[in-house]
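> Structure for the following, please:
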Amino acid sequence: MTTTAELLVTALADHGVTQVWGVVGDALNPVTDAIRREERVAWIGVRHEEAAAFAAGAQAQLTGRLGVCMGTVGPGAIHLLNGLYDAKKSKAPVLAICGQVPRDEIGSDFFQEVDNDVLFADVAVFSVTLTSPEQIPGAIEQAANAALSEQGVAVLTIPGDVGGLDLPDGTPTPHFVPPQPPAAPSEESLRAAAAAINGGETVTLLVGHGAAAAKDEVLAVAEHLSAPMVVTLKGKTAFDDADAYQVGQSGLLGNHASKVAFDHGDVLLMIGSDFPYREFFPQGKTVVQLDLRGGHIGRRVSVDVPVVGDAALGLAGLLPLLDPKPDRSHLDRARSAYEKWQERQQQFLDPDYEHKPRGLLRRRLDNPEDRIRPELLAAAVDRHAAGDAVFTSDTGMATTWLARFVQMRGGRELLGSYNLGSMANAMPQALGASALDRDRQVVAFCGDGGLTMLLGDLITAVSHDLPVKLVVFDNGRLGMVKLEMEQVGLPEFGTVLHNPDLARVAEAIGLTGIRVEDPHDVDVAVRDGLATAGPVLLDVVTNADEIAVPPKPSLAQGWGFAIAKTKEFVDSPE
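As a prediction, this is how the structure comes out:
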């Protein structure tokens, strides 16, 4: 005889799930007890269910297997929601196991009762409440298969009297679908794409995360067409070291070279990219988009030739149809702009930079002597982090500094809330990554606002021996919000954070805490912090971001346009 909970946990273990994240409680006690007795699965108790969902989503993105999190009746399930939305928008297969009141009480407005099927209707690709023994094996299988096949969130709700329910002898253990082979684009669409590309003198590539498994094919096309590559943030992992072709990012995170590449290309070839900011796309170009998901094509920019299919298979079929473009002047122009921008960035890495005269376009947004430039900190982390480190970053300026100064070369990987844009994601995602392999370095770029939002889960790092390295950009601000306000002509309001000494807080919890206040101490502190065993928090007192001052746009122009005018986009000539 086996119970509902035992059947579920066995199926998860057979699939390769090694951890389940959550907070224990009432309706799900049979499930946590089944986990206790299953040697292949570890329970990782967190202090807030949102952290559990972020950690499970991170594991799903890194492994391709189900990430699993749990939240019990009512409030526990609700707390999962933000992290599950991040998994949804990141296309991460996550199973959320949620508690419910006993079956006889459903619909009676019982204590803590929440209608989970309604609550998760927008976030889940599949949601079901278990109610009868006959339903249970198939429902478990459906939930997991939906999450894996559709790369999304499935919610399995277990009433308090169902988890410990005995199932009939011979009840089969659910089996989950294996990964599906990639599909190649149609020959007709490839021929149309080749005709469009051959018809232009110059080509620019926009390459995203969807092309990560097609690196060799992308580079072969770039070489054949002498094409510069604008790489999205999520594409950094695969293409940061493509030094002969890539010109960095566009948008707020990017640099002027991306505009050069866009403006001077006759044809824009998008590969596995869902870059969302319409205002940064070039106008009047022939656009070819190759994407595995047909629903992504044309939703950001008007597309002349859609190509639906796997990036590697599509480019392999496309390359023989393309005429070579040996003239490298377009590529060289964009690469030159990128290299000059990189050279200009080096001035910010001098610990004494603040004592040097400033250009006319700059003004200081912080107190005089004081703080460490965030660029200096990010570059130090890049120097000293392991070659196969996993990086996570909080939404906001921490991501900007990572995008500009950390190279995803070699075996490095990158995670963030890059589609949902949630605060407080970096630390719990780092916990999830670290739990997969405690011998692999995991470095989180944390904003002070993001870290303190889920501060309690620093305890999780200690209690579960997760050796994460948390680098905190402690500028006492919600930095990107401040930037947005400044650039649309609003006075800063509501963005100031009155932080404690975060290193001492970390030490009280049990981490190694290191506080850095002098720019000249940054390099050694980062080197030593990353080399220290166990979880470490580096509390680095950085300045509130210094920006270039453009003409103030109207509020109607919105933050995307306004931010585009800041910093290097203003004072970087071609």
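> dump the residue contacts of the spatially closest residue to residue 219 that is not a sequence neighbour.
Leaving aside its sequence neighbours, residue 219 sits nearest to residue 242 (C-beta to C-beta, 6 or more residues apart in numbering; 6.0 Å). Quick note: C-beta positions are derived from backbone N, CA and C, even for glycine. Shown in contact with residue 242 (C-beta atoms under 8 Å, 6 or more residues apart in numbering): 215, 218-219, 222, 229, 231.
> For the helix ranked longest in the chain, which helices and strands make contact with it?
Ranked by number of residues, the top helix in the chain under DSSP state H is helix 329-345. Of the remaining helices and strands, those touching helix 329-345 by 3 or more C-beta pairs under 8 Å, 6 or more residues apart in numbering; DSSP states H and E are strand 203-207, helix 256-263.
> Next, the angle from that helix to helix 256-263.
Angle of helix 329-345 versus helix 256-263, following axes from the mean of the first three to the mean of the last three C-alpha atoms, to 10 degrees, is 160 degrees.
> which residues sit against helix 329-345?
The contact list for helix 329-345 (C-beta under 8 Å, 6+ apart) reads 202-204, 226-228, 244-248, 255-257, 260-261, 264-265, 375, 404-405, 568, 572, 574.
> gap between the residue nearest the centre of the chain and residue 446?
Taking C-alpha atoms, centre = their mean as the criterion, residue 416 is the residue nearest the geometric centre of the chain, at 2.3 Å. According to C-beta to C-beta, to the nearest Å, residue 416 and residue 446 sit 11 Å apart.
> Find residues that contact each of the two.
Counting by C-beta under 8 Å, 6+ apart, the shared contacts of residue 416 and residue 446 are 394, 426.
> can you map out the helices along the stretch 1-150 of the chain?
With helices called from DSSP state H, counting those that start in this stretch, the stretch 1-150 of the chain shows them at 4-15, 29-37, 49-63, 75-89, 116-119, 136-150.
> Let me have those helices in a markdown table, extended by mean pLDDT.
What follows is the helices of the stretch 1-150 of the chain, written out as a markdown table (pLDDT from 0 to 100):
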| stretch | mean pLDDT |
| --- | --- |
| helix 4-15 | 97 |
| helix 29-37 | 97 |
| helix 49-63 | 98 |
| helix 75-89 | 98 |
| helix 116-119 | 96 |
| helix 136-150 | 97 |
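> Can you say which of these is packed in most?
Among the helices of the stretch 1-150 of the chain, the stretch with the highest mean neighbour count (mean count of other C-beta atoms under 10 Å) is helix 49-63, at a mean of 29.
> Now do that helix against helix 75-89: the angle between them, please.
Note on geometry: by the same axes, to 10 degrees, helix 49-63 and helix 75-89 are set 30 degrees apart in direction.
> chain center to helix 49-63: distance?
Relative to its parent chain, helix 49-63 has a centroid offset of 11 Å by C-alpha atoms, centre = their mean, to the nearest Å.
> cool, and stretch 415-431?
6 Å.
> That one: which residues count as buried?
By neighbour count on 16 or more other C-beta atoms under 10 Å, the buried set for stretch 415-431 is 415-420, 422-431.
> Pick out the most distant pair among those.
Using C-beta to C-beta, those reach their maximum pairwise distance at 419 and 431, which is 20.0 Å.
> Give the burial count for residue 505, as a bare number.
18 (other C-beta atoms under 10 Å).
> do the same with residue 331
When neighbours are counted by other C-beta under 10 Å, residue 331 registers 26.
> how far away is it from residue 523?
Using C-beta to C-beta, one gets 35 Å for the distance from residue 331 to residue 523.
> which residues in the stretch 401-550 of the chain form strands?
413-416, 442-447, 469-473, 512-516, 536-540, 547-548 (DSSP state E, counting those that start in this stretch).
> Run through who's touching the fourth one.
Right, the one you point to is strand 512-516. For strand 512-516, contacts defined as C-beta under 8 Å, 6+ apart pick out 372, 501-507, 522, 525, 528-529, 532, 534-541.
> for the stretch 301-450 of the chain, which spans come out with low pLDDT?
Regions of the stretch 301-450 of the chain meeting the criterion pLDDT under 70 cover residues 354-370.
> swap the cut-off to 90 and go again
Residue ranges of the stretch 301-450 of the chain with pLDDT under 90: 352-371, 409-410.
> Can you tell me, leaving aside adjacent residues, what's nearest to the most far-flung residue of the chain relative to its centre?
Within the chain, residue 169 marks the point farthest from the mean C-alpha position, 43.7 Å out by C-alpha atoms, centre = their mean. Closest residue to residue 169 apart from its sequence neighbours, by C-beta to C-beta, 6+ apart: residue 1 at 6.4 Å.
> where's the one you found relative to residue 497, distance?
Distance from residue 1 to residue 497, counting by C-beta to C-beta: 55 Å.
> Ok, residue 66 next?
For residue 66, the distance to residue 497 (C-beta to C-beta) stands at 36 Å.
> More neighbours: the two, which one.
Neighbours per residue, other C-beta under 10 Å: of residue 66 and residue 497, the larger number sits with residue 66, 23 against 14.
> thought the more buried one was touching residue 87?
No - Residue 66 lies out of contact with residue 87 (C-beta atoms under 8 Å); the separation is 10.7 Å.
> Can you work out which residues contact both of these two?
Residues within reach of residue 66 and of residue 87 at once, by C-beta under 8 Å, 6+ apart, are 60, 93-94.
> just to revisit the earlier point, want to throw the helices and strands packed on helix 329-345 into TSV with distance to residue 323 and mean neighbour count?
Formatted as TSV, these follow (distance: least, C-beta to C-beta, whole Å; neighbours: other C-beta atoms under 10 Å):
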stretch	distance to residue 323	mean neighbour count
strand 203-207	11	29
helix 256-263	20	24
